[in-house]
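Participant: next come a sequence and a model predicted from it.
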2 protein chains.
Amino acid sequence: MRIGILGYGNLGRGIECAIKQNPDMELVAVFTRRKPDTVNILTEGVPVYSIDDILNYKDDIDVLILCGGSATDLPEQTPEYAKYFNVIDSFDTHARIPEHFENVDKTAKESNHTAIISSGWDPGMFSLNRLYANAILPQGNDYTFWGKGVSQGHSDAIRRVEGVKDGKQYTIPMEDALEAVRSGSNPELTTRQKHLRECFVVAEEGADLAKIEETIKNMPNYFADYNTVVHFISEEELKANHSGIPHGGFVFRTGVTGWNGEHKHVIEYSLKLDSNPEFTASVIVAYARAVYRLSNEGVYGCKTVFDIAPAYLSSVDGAELRAHLL
Amino acid sequence: MRIGILGYGNLGRGIECAIKQNPDMELVAVFTRRKPDTVNILTEGVPVYSIDDILNYKDDIDVLILCGGSATDLPEQTPEYAKYFNVIDSFDTHARIPEHFENVDKTAKESNHTAIISSGWDPGMFSLNRLYANAILPQGNDYTFWGKGVSQGHSDAIRRVEGVKDGKQYTIPMEDALEAVRSGSNPELTTRQKHLRECFVVAEEGADLAKIEETIKNMPNYFADYNTVVHFISEEELKANHSGIPHGGFVFRTGVTGWNGEHKHVIEYSLKLDSNPEFTASVIVAYARAVYRLSNEGVYGCKTVFDIAPAYLSSVDGAELRAHLL
């Protein structure tokens, strides 16, 4: 399976690392908007090309993995490159998924290509767990918690505050909310009860710390609805202790069965990830295998994780899966 | 979707309850090896027929759900009834799944029927989680823990001990083993380190309690490899506090990503179930929906949970799933 990577940031590098773990896959090339000779990749002997030349390689690549951002890159790139390649992305703007799906489905079908959008862990593995659990327990409640982990959007928001030089924000699920859900008591939880936001901030010299803290805590959408803790630390400390990109979270469904709903059940799925982009990449690479297989079967158009039979993700054949994992 | 149930024990009754929660399904009939007029079911107006008459109803049933045992019933019944019906079972003798699959696949394909075997939670949801997690993290370790819950096999073993009138056995995962796995330290765990076995025993009058305890604790296969705790209680206490059939468990995969495996990840799936048979039934009923749809699409033969795209389990259509659950 010959893989191309478009975009070489944290996610692209994660894809490269994941390909190394999958012997049935081969990295053919990395494509970039930067000058190719400024991009150093990890895999020896694999070329870096300009995105402008990508169509020259359309017969050399079985699946093109799109590693751009959801805000502006993927809405353009995925439908466009689905004209020439089998593609997969991790588009994660939940509200715009239906529109993105339609756009990709159209160009992929017109050109007989296979596409998967929104793979990763949320959307992705978390969505799958919501779907399975909803199908099993129709009478119940869903809960999703995120963290402990770094929110890029909230970290960016901190860095836009006047007097802030740098900063990192951790989203932390509240332990007592998790326990209440686990108990099966079906609690109604407010935004504030579910997550805490912890900020590590490097201030500019002479900045008004009290004002920075107040501005962060009252920022609408990002922080105002949460309990927020702000720590001021040095640039060195930020670099030493907060340069990782961990994340994770929990998906629960609690529900009842029995003739009168007399029995309670709790389904819990959780992830604890040292590296958000590398784990996301690992999910994408498994689904890239499905893209390849579906394409070989002549199944074209846009798919999501909901449409993919689990066996398509594994390099192991059906008989061996049944013998060892079932 | 018109459902028939074959076998009306705890699982069959669980299926009946689950059908009530799914408005797109209708229970058509229950078939039994007992005298039909001795079997009282919960759903008003639904007939109970003798298994001997089941072929009279083959055009009235879209999916026949087989609720017999894995030891002797299902190896016979599933391949046999797949000649006349679309079928689903919860065959759970892991070592014999490949053979069972082949037998069912043959008769189902010959007669253009669709079958799913080994649905439920283990095999079933636990298997799925093993497969997904293995595909995502190829470099890692799997851990499965069961409980806290009632093991029917171990409870039966206790009841066969001389001097024992009744008994119930709980399988309990060891908290420190769970924590060691959650930490991502990839521990090597012995059988004894993973699970504790707790027994509640009602002794016959005048029985030698010390001897009963010793016999249980040293029973090969069942107890000898575990730390086992034996409590002697009264018949009333057993009935009052230990008549439920709870179960559950944990599936973990811990693994690494990164160019040099420098980042650790923990994937955890867990179930906490008040009623083992009712939850199993709820999974089966969701997969019965997939059997029905695949049959309508002309996809015949035997399948397992590995072969079923998740969307087939849901009564909600693709566009709505993408908009709300992805």
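Facilitator: Done, it's in.

Participant: can you pull the residues of the stretch 151-300 of chain A lying near chain B?
Facilitator: By the rule Cβ under 8 Å from any Cβ of the partner chain, the part of the stretch 151-300 of chain A lying against chain B is A:182, A:184, A:257-259, A:263-275, A:278-279, A:281-283, A:286, A:289. C-beta: built from backbone N, CA, C; applies to glycine.

Participant: quick check on the residues you listed: which are buried?
Facilitator: Buried members of these, counted by 16 or more other Cβ atoms under 10 Å in any protein chain shown: A:182, A:184, A:257-258, A:263-275, A:278-279, A:281-283, A:286, A:289.

Participant: work out for me the element the residue of the stretch 101-250 of chain A found nearest chain B sits within.
Facilitator: Going by Cβ to the nearest Cβ, chain B is nearest to A:A135 of the stretch 101-250 of chain A, at 3.8 Å. A:A135 is part of helix A:125-136 when elements are defined by DSSP states H and E.

Participant: what packs against that helix?
Facilitator: Helices and strands touching helix A:125-136, by 3 or more Cβ pairs under 8 Å, 6 or more residues apart in numbering or on different chains; DSSP states H and E, are strand A:140-146, strand A:247-257, strand A:263-273, helix B:125-136, helix B:276-296.

Participant: switch those over to JSON lines; also include mean pLDDT.
Facilitator: Below are these laid out as JSON lines (pLDDT from 0 to 100):
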{"stretch": "strand A:140-146", "mean pLDDT": "97"}
{"stretch": "strand A:247-257", "mean pLDDT": "98"}
{"stretch": "strand A:263-273", "mean pLDDT": "98"}
{"stretch": "helix B:125-136", "mean pLDDT": "98"}
{"stretch": "helix B:276-296", "mean pLDDT": "98"}
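
Participant: of all those, which one is nearest A:Q152?
Facilitator: strand A:247-257 (9.6 Å; Cβ to Cβ).

Participant: now distance to B:F85 too, for the helices and strands packed on helix A:125-136, in TSV please.
Facilitator: Shown next, in TSV, are the helices and strands packed on helix A:125-136 (distance: least, Cβ to Cβ, whole Å):
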stretch	distance to B:F85
strand A:140-146	30
strand A:247-257	25
strand A:263-273	29
helix B:125-136	24
helix B:276-296	10
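
Participant: what's the closest of those to A:F223?
Facilitator: strand A:140-146 (14.9 Å).

Participant: note down every partner strand of the closest one and its orientation.
Facilitator: strand A:247-257 (antiparallel) (DSSP bridges).

Participant: could I get the strand it pairs with in CSV with only the CA atoms?
Facilitator: Provided in CSV are the C-alpha atoms of strand A:247-257 (Å, rounded to 0.1, in the frame of the first residue of the first chain):
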residue,chain,number,x,y,z
HIS,A,247,-4.8,14.4,25.4
GLY,A,248,-7.5,11.9,26.0
GLY,A,249,-11.0,11.7,27.3
PHE,A,250,-14.0,9.5,28.2
VAL,A,251,-17.2,8.4,26.3
PHE,A,252,-19.9,7.0,28.5
ARG,A,253,-23.4,5.6,27.8
THR,A,254,-25.5,4.7,30.7
GLY,A,255,-28.8,3.0,30.1
VAL,A,256,-31.4,0.5,31.3
THR,A,257,-32.7,-2.9,30.2
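
Participant: where along chain A do the strands fall?
Facilitator: Along chain A, the segments classed as strands by DSSP state E run A:2-6, A:26-32, A:48-50, A:63-66, A:87-88, A:114-116, A:140-146, A:149-150, A:164-173, A:195-203, A:227-232, A:247-257, A:263-273, A:301-303.

Participant: now those strands in CSV, with distance to B:Y226?
Facilitator: Shown next, in CSV, are these (distance: least, Cβ to Cβ, whole Å):
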stretch, distance to B:Y226
strand A:2-6, 46
strand A:26-32, 47
strand A:48-50, 56
strand A:63-66, 47
strand A:87-88, 45
strand A:114-116, 44
strand A:140-146, 34
strand A:149-150, 37
strand A:164-173, 34
strand A:195-203, 40
strand A:227-232, 45
strand A:247-257, 30
strand A:263-273, 25
strand A:301-303, 45
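
Participant: of all the ones you listed, which lies closest to B:V316?
Facilitator: strand A:140-146 (13.3 Å).

Participant: give me the buried positions along the closest one.
Facilitator: Going by neighbour count (16+ other Cβ under 10 Å), the buried part of strand A:140-146 is A:G140, A:D142, A:Y143, A:T144, A:F145, A:W146.

Participant: look up how far chain B lies from A:N22.
Facilitator: Shown here: A:N22 relative to chain B, a distance of 6 Å by Cβ to the nearest Cβ, to the nearest Å.

Participant: count of residues packed around that residue?
Facilitator: 18 (other Cβ atoms under 10 Å in any protein chain shown).

Participant: one more: A:L189?
Facilitator: Neighbour count of A:L189, defined by other Cβ under 10 Å: 15.

Participant: find the nearest non-adjacent residue to it, please.
Facilitator: A:A177 (5.4 Å; Cβ to Cβ, 6 or more residues apart in numbering or on different chains).

Participant: surely that neighbour meets A:S183?
Facilitator: No. Look at A:A177 against A:S183 with Cβ atoms under 8 Å: they stay out of range, at 10.9 Å.

Participant: give me the more crowded residue out of these two.
Facilitator: For A:A177 versus A:S183, the count of surrounding residues by other Cβ under 10 Å is larger for A:A177: 20 against 13.

Participant: and the more buried one, what is it in contact with?
Facilitator: By Cβ atoms under 8 Å, 6 or more residues apart in numbering or on different chains, the contact set of A:A177 is A:F145, A:P187, A:L189, A:Q193, A:K194.
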